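Undergrad: Any chance you could fold what I've pasted below:
(6 chains)
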Number of protein chains: 6
Amino acid sequence: MLDFVTLGETMVMMNPDESGSLKYIFNFKKQLGGAESNVAIGLSRLGFKTGWISLLGADPHGEYIKAFIQGEGVDTSQVKFTTAAPTGLFFKERREIGETKVYYYRKNSAFSTIKPEDLNEEYIAQSKYLHLTGITPALSDSCYQTVLRAIEIAKKYNVKISFDPNLRLKLWKNKNHMKEVILNLIKEADIVLPGLSEGQIIFDTNNPEEIAKKILGFGEKIIAIKLGPEGSLIADSNSMKYVKGFKIEREVDPVGAGDGFAAGFLAGLLKGYDLSQSALIGNAVGAFAVTVKGDVEGLPTMDELQIFMGEKEEIFR
Amino acid sequence: MLDFVTLGETMVMMNPDESGSLKYIFNFKKQLGGAESNVAIGLSRLGFKTGWISLLGADPHGEYIKAFIQGEGVDTSQVKFTTAAPTGLFFKERREIGETKVYYYRKNSAFSTIKPEDLNEEYIAQSKYLHLTGITPALSDSCYQTVLRAIEIAKKYNVKISFDPNLRLKLWKNKNHMKEVILNLIKEADIVLPGLSEGQIIFDTNNPEEIAKKILGFGEKIIAIKLGPEGSLIADSNSMKYVKGFKIEREVDPVGAGDGFAAGFLAGLLKGYDLSQSALIGNAVGAFAVTVKGDVEGLPTMDELQIFMGEKEEIFR
Amino acid sequence: MLDFVTLGETMVMMNPDESGSLKYIFNFKKQLGGAESNVAIGLSRLGFKTGWISLLGADPHGEYIKAFIQGEGVDTSQVKFTTAAPTGLFFKERREIGETKVYYYRKNSAFSTIKPEDLNEEYIAQSKYLHLTGITPALSDSCYQTVLRAIEIAKKYNVKISFDPNLRLKLWKNKNHMKEVILNLIKEADIVLPGLSEGQIIFDTNNPEEIAKKILGFGEKIIAIKLGPEGSLIADSNSMKYVKGFKIEREVDPVGAGDGFAAGFLAGLLKGYDLSQSALIGNAVGAFAVTVKGDVEGLPTMDELQIFMGEKEEIFR
Amino acid sequence: MLDFVTLGETMVMMNPDESGSLKYIFNFKKQLGGAESNVAIGLSRLGFKTGWISLLGADPHGEYIKAFIQGEGVDTSQVKFTTAAPTGLFFKERREIGETKVYYYRKNSAFSTIKPEDLNEEYIAQSKYLHLTGITPALSDSCYQTVLRAIEIAKKYNVKISFDPNLRLKLWKNKNHMKEVILNLIKEADIVLPGLSEGQIIFDTNNPEEIAKKILGFGEKIIAIKLGPEGSLIADSNSMKYVKGFKIEREVDPVGAGDGFAAGFLAGLLKGYDLSQSALIGNAVGAFAVTVKGDVEGLPTMDELQIFMGEKEEIFR
Amino acid sequence: MLDFVTLGETMVMMNPDESGSLKYIFNFKKQLGGAESNVAIGLSRLGFKTGWISLLGADPHGEYIKAFIQGEGVDTSQVKFTTAAPTGLFFKERREIGETKVYYYRKNSAFSTIKPEDLNEEYIAQSKYLHLTGITPALSDSCYQTVLRAIEIAKKYNVKISFDPNLRLKLWKNKNHMKEVILNLIKEADIVLPGLSEGQIIFDTNNPEEIAKKILGFGEKIIAIKLGPEGSLIADSNSMKYVKGFKIEREVDPVGAGDGFAAGFLAGLLKGYDLSQSALIGNAVGAFAVTVKGDVEGLPTMDELQIFMGEKEEIFR
Amino acid sequence: MLDFVTLGETMVMMNPDESGSLKYIFNFKKQLGGAESNVAIGLSRLGFKTGWISLLGADPHGEYIKAFIQGEGVDTSQVKFTTAAPTGLFFKERREIGETKVYYYRKNSAFSTIKPEDLNEEYIAQSKYLHLTGITPALSDSCYQTVLRAIEIAKKYNVKISFDPNLRLKLWKNKNHMKEVILNLIKEADIVLPGLSEGQIIFDTNNPEEIAKKILGFGEKIIAIKLGPEGSLIADSNSMKYVKGFKIEREVDPVGAGDGFAAGFLAGLLKGYDLSQSALIGNAVGAFAVTVKGDVEGLPTMDELQIFMGEKEEIFR
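TA: Below you'll find the predicted structure:
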């Protein structure tokens, strides 16, 4: 019996030792990143039982990724390897001027060949939550079909679906198609976790409350809109509320904050907390995530989280 | 007026700081490698005028590669950039047990989209030599067409064609097709520079003299068969001769030895030396190439080469 | 149902970036090492089901060790954490003149507080093999009692006991006590895997055949005496035979060879091979182990092992 | 004739190359740290004659520590080595969220075996100041006895005693015992240099003036209470005054600030300045200390200090 | 036909991996720096045709410098090598307290032996701009004579002269002589680009407008006074105007900002923009320059510049 | 009372992280080297009282060198600093093909300004040995005068003079002048320690025995001719004998072997051993020196030396 199962691609990340154009950088560290496994690791570090379904290249990069995620206590029994294509890879480029950039080597990667038949019905059936993102359907048509099949299984067994749009504009050839797919997945989800700029792209508004209302227009859902350091807006059919974020003195790397929020927010729901409490935990885990170079190395254990949240600790009781 | 022009893909190389499985290695250095640009750089360091025709991704990796090769004095006026695909990339895995392995991220790379129209007829026309390898036709059909177009131009303007089979089995789906293409290019070439194991694959014999005879069966050519530390066998329609190699105390990285030989051998021919003298220079440059981690960083200047070749120096007079 | 379970301390290893006295070395890499977990990892990489029983400090070093070993597919459900003492640690000092030295910070470590009650009877009962070394009883009296309790459980459930003396002279205060303890454990074991110098210390002879005979004097056992690059001597009550080792061009770090042998030898037995075949596999895995800096990073997968053993591959069929 | 002599443990520090949990960090730099030797080095860099009494492990870590401190011009003629226990060691863990953490490997270290007989009476007798901290008595009973013996010697020869409580809660098993010991040492001291949080623990108040008054209640003393970037409060039986601190743009590592203050403050007293001037120098040296990773590498020379203090330079005249 | 030609020394820079006194730093990265080549590289990255005249040591440092600058697309056909002296070198010392310091190994460097006869008249004649700094005349008398000869050539062919005083007090033995030389060069220049502190030293005022007026007193000139993050003051005989600078969140290394300004400002003039527009571009390029460790690695391409300048983009047509 | 005093320049060494041309190397480690201080450190590590007279730049490089050598226990009371010139510096270039090269930045260094008046007569007078090399007189005329003055003092107080020619051809403009100076110093010395190639240059023969005879022709002396891994030839007016060297498996860096020999040989003489025993110790210390990257980090302590020399240990009794 798992608390949480997710499906997605995880890639090797080549992280430069300095900020600035990669043209002039010669030393790189190997880490990894994948929106879905980031959330699974986040929940596992907090003490929940999680599983990650994936397909990796039969190469040392794939072996590394599996070992790392398994080492974090995430169940990897549904991770397969293929010799048909390499494990996905990306380079990060941190800039002090302009935005962090990412250079992908993920087109036709091992994961992009995953297909619905790769899913194990019983595995998903035994979980409380199924977590999906908008990245997977962008990777290939068979990836999209696999997402739809996972949803079908979840619906059949009353597994709750959480969905983070995670728009990666570089991955979509056709923006209209992107919108259509994302809207379709939002409709299927029980929990929707967009960022503000994603709301803007999908719903043409950057007003969090309006975004929430539009999503609620598709039916009864739990919504948490991520507002960066400001915190988050939570909403369901009964209520809507802003929950404050936590200030970090020095943000080292903003990537992974959203995944941290998702992990913390779902942790709260799994513990039976209300939406505000859950969002507060989400905000805290998101704050931890940005304090290190890397997507997952900053995610807290339950002990670290409780110390950080200090007096609010009673939440966890 | 150039001495030498070549056409091919150059990739960023991620070089691990330790030997052993990449699974356990976290620190990488960025270098670069490409069989054809290796030869161009080798000749440029020896004082010849060389040019390199290529297509790179419009990304920092592509910018780095162009800057490096231009910095070596190779003419890069025919190097273009495309936003349609990323610059090719590979990881090296050095092993103390078993062979060095290579993990490619070059499928559908920027270079693989090069096409015959990208060639500038006058540019090739003004060179003494055109150097090609068996890697390029393996990358895509348009790459192969581009090679054939380059040969057509060379023939029209009496540019001598040198060809290094450089078999990369991983890149070819169909071994029969590979043989056919390579044989076709051998026939077109004036100078053929195979390694022993390549001779084995193409001509089913590892006897250097037999390989040479088979190639000579296609018409009048200069042939140099690379025999590793042992040296090389040279042959033309009049003669056949073994030329001894140079011993290096500690081989650091065997990759690049063949390209070093090609650079040295062509340098000899360009200087007007006979085949034996040219092969001796080829053997020496090949020895330099294996003394460093990296394909090109060990290639000698004319000064370094002369000091190394010592008493044989009179060759260069 | 496990193929193999083991019990022992694993420590963080600080590995210097250069050889020579640590006095002058400033950069260190973190890895890990533990004779017993080395064997468990070796067998896991070869495809067997293994478990490791241990006690770690509740600190980031302990978390790292658990994550690494779990990531290798070894079952860590019996690994506990204590806040009472820190995770063990050691520095390696590689020398080009004289022997590799080791500086321990393991006295009163977390593991040294393990006690018989920490063992789970059913866990050991369900394994085919229990692997023990002579290191554990040297760490503390409660460690020794825990080893004896593990043997008691194994005997009760007919779990085969394999024992590697692994003498660490620095850890024993009293050499006579050491001999007595080691001899006692040899008597209890079904499989005994000493090195030559260990035989010398315990039985006052460095003749492998005599050592084997002395051990056979304690009853029916399988014996494999490790002879370094030379290979090994295997013996049981019916036969005695030398099995040749594999030559490695450049030994990077000799530590871990014996653990590699143990993993390969037990793999052979688990596959049902005869002693000679098993020892050959042991020799091969031991050869892999010395090709990298680190105890476990060189251990092969079954694929790598089969390619290396080449024509002898039929063994594995 | 020395200006200053001190007694204490110095450990090797393993400093990670990144901030965040050590679980995920693989590269470490070796430095060193010890509250007492930090002060000795600080005074030596400022031009004073200092000596450090200690006991190190007879291992490369101990050799490194002695060489470093001797290289700083501190007299190390009273530093001995023992083969009975290893040199103390600790790992630093810098966090962007939460506090810097420290993982000690100092229990039963070489220094913890120091005893009163190891002290050389004449050596202490010839110094102007004897500096002690609350760390040493926490390490072992023989350490505490050694501190008491040093005080006895100092009293006999009218050597002034300066004392920095330096509470390390992790090192004390019994908080009441800790308080008792610290209060005892405060009573013996001529100069007391507590931090604010230490005042809180010992005197149950975080009001600097109240802390000062309580300490003055034990007799005539010079008191400087360290208030971090805010500066310090100085007091004696005649006066009490706040002295402002210096602002640093980017604090790199807060550890060592207090030792820097102590060095600067004692430098002032040794030069014959009044308390305010001395505290100003202390504040400045403390500011220098936090600008680098490491306890002592930021400590200024007299030249650097004078340039920094600019117009206030006349102090030093 | 070149847009821009410059003349000056470029040195290897040893850049420490940490801030703080170099006494305690052991790891260094090799980069390069030279005020004049910095500007040439800046203009080349923005798409202009530039050339750099210099003299390097015939050593690997000289080869590296030439390759790097040639790799940036700067014409290096006028760069010569000498065996008579080594390539110049300097160490950077970044401090969190106090100023960045520089330790030169440039006295009697290869470049300091350059002389007027090394200049190629036609090369300078075919450029639109000749850029000079106050560093070159400080290096040796023959360097000063070479600068005067370059001016003579420029005047003869109506090449515009831009001049950046770039006062390096360490390089001048006699401050009066320095002032005299600098004033002489200011008089000869068409464009003068001083910093505020340089204005102070030469004209005894730190009022930008007064400095501008004093320079205008020497005749018709374009003046841009660099005011750091505040921006710049531009002036000619008709007008005087402040142009705002761009704020960077975290300045990594201030060195190179002035050279970036010069590159951007001259780029504007070459494009035919007015002084305000040109200064705005200068301010932007200067902002880019301070975002990386190193003088030139932060300089933007035209694409990066346009994205950064956003709405102001229309400037660039 | 010192056993040994020496006089010479010590420089910062920039040591590349890879072998091959420095053109392509970006990461360097800082170490140090100086023939005379190498010997002083070698003797100090072996337990003798040594002193080093020198002049350094008043910069962090100079501070580092003094701290390092002082940290090794060498007396540095006669080391002065000057602001007039920088501390000497050199880059090492290790090559797998061809010889290790060195690029100096020592011309007009701080040390080259040392002069006879900088010597303290009493300091030299109280030593048993004064050690000099042929490097110092090559650095400047005032350096040569200082050497002559030191000899004068030594003669006056019956301090024995040992002399190592240490020819650095790059440092001498005139080879005849070099020969003359070196011969003059050989004549003055009591102990002469040339290498074979130095003998060749000075005496036009590479026959060790002939070299020894020629030197003995100048008067009664002790001579040890260094023959590399082969060992050494020792001679005085009564005897001549070859003493075998020690084999090292992997020589890491040959630089420093001669200084190691000198340290070991003088250690033997200081202990009162005969020439053969002393040469054997010299050979052993020389072997240690080549096992690490760096001139002095491999030099043994007396303990390490005794373990290495094993059964020959009785020498040291």
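
Undergrad: Low-confidence stretches in chain A?
TA: A:311-317 (pLDDT under 70).

Undergrad: one more time with 80
TA: Chain A contains residues with pLDDT under 80 at A:310-317.

Undergrad: Please tell me how far the spatially most central residue of it sits from chain D.
TA: In chain A, the residue lying closest to the centroid (Cα atoms, centre = their mean) is residue A:35, at 3.6 Å. Distance, residue A:35 to chain D, using Cβ to the nearest Cβ, to the nearest Å: 19 Å. Glycine gets a C-beta too; all of them are placed from N, C-alpha and C.

Undergrad: measure that residue to residue A:116 for me?
TA: As judged by Cβ to Cβ, to the nearest Å, residue A:35 and residue A:116 stand 21 Å apart.

Undergrad: hmm, back to that, could you pull up phi and psi at the residue nearest to the centre of chain A?
TA: phi -50, psi -40 (degrees, to the nearest 10).

Undergrad: how about the residue of chain A found nearest chain C, what does it touch?
TA: Here the residue of chain A nearest chain C is residue A:71; by Cβ to the nearest Cβ that distance is 3.0 Å. By Cβ atoms under 8 Å, 6 or more residues apart in numbering or on different chains, the contact set of residue A:71 is C:66-71.

Undergrad: Remind me which helix or strand residue A:237 belongs to.
TA: For residue A:237, there is no host helix or strand (DSSP states H and E).

Undergrad: Give me the three-state assignment for the residue lying closest to it once chain neighbours are set aside.
TA: Closest residue to residue A:237 apart from its sequence neighbours, by Cβ to Cβ, 6 or more residues apart in numbering or on different chains: residue A:220 at 5.3 Å. Three-state assignment for residue A:220 (DSSP: H, G, I helix; E, B strand; the rest coil): coil.

Undergrad: my guess is residue A:220 meets residue A:192, correct?
TA: No. Here residue A:220 does not reach residue A:192: they are 11.4 Å apart, not a contact under Cβ atoms under 8 Å.

Undergrad: buried sites along stretch A:140-157?
TA: A:140, A:143-144, A:146-151, A:153-154 (16 or more other Cβ atoms under 10 Å in any protein chain shown).

Undergrad: what's the closest of the residues you listed to chain D?
TA: Nearest to chain D among these is residue A:143, at 29.2 Å by Cβ to the nearest Cβ.

Undergrad: So which bits of the stretch 51-200 of chain A are right by chain B?
TA: The interface of the stretch 51-200 of chain A toward chain B, taken as Cβ under 8 Å from any Cβ of the partner chain, is made up of A:59-61, A:63-64, A:67, A:86, A:89, A:91, A:93, A:103-105, A:107-108.

Undergrad: From those, which land in helices?
TA: Mapping these onto helices (DSSP state H) picks out A:60-61, A:63-64, A:67.

Undergrad: ok so, going back, now do the residue nearest to the centre of chain A against residue C:302, distance only.
TA: 33 Å.

Undergrad: Check which helix or strand residue A:145 maps to.
TA: helix A:141-156.

Undergrad: do residue A:44 as well
TA: Going by DSSP H and E, residue A:44 is in helix A:35-45.

Undergrad: buried set for the one helix or strand residue A:122 maps to?
TA: Assigned by DSSP H and E, residue A:122 falls within helix A:121-125. Buried residues in helix A:121-125, counted by 16+ other Cβ under 10 Å: A:123-124.

Undergrad: Thanks a lot, see you next time.
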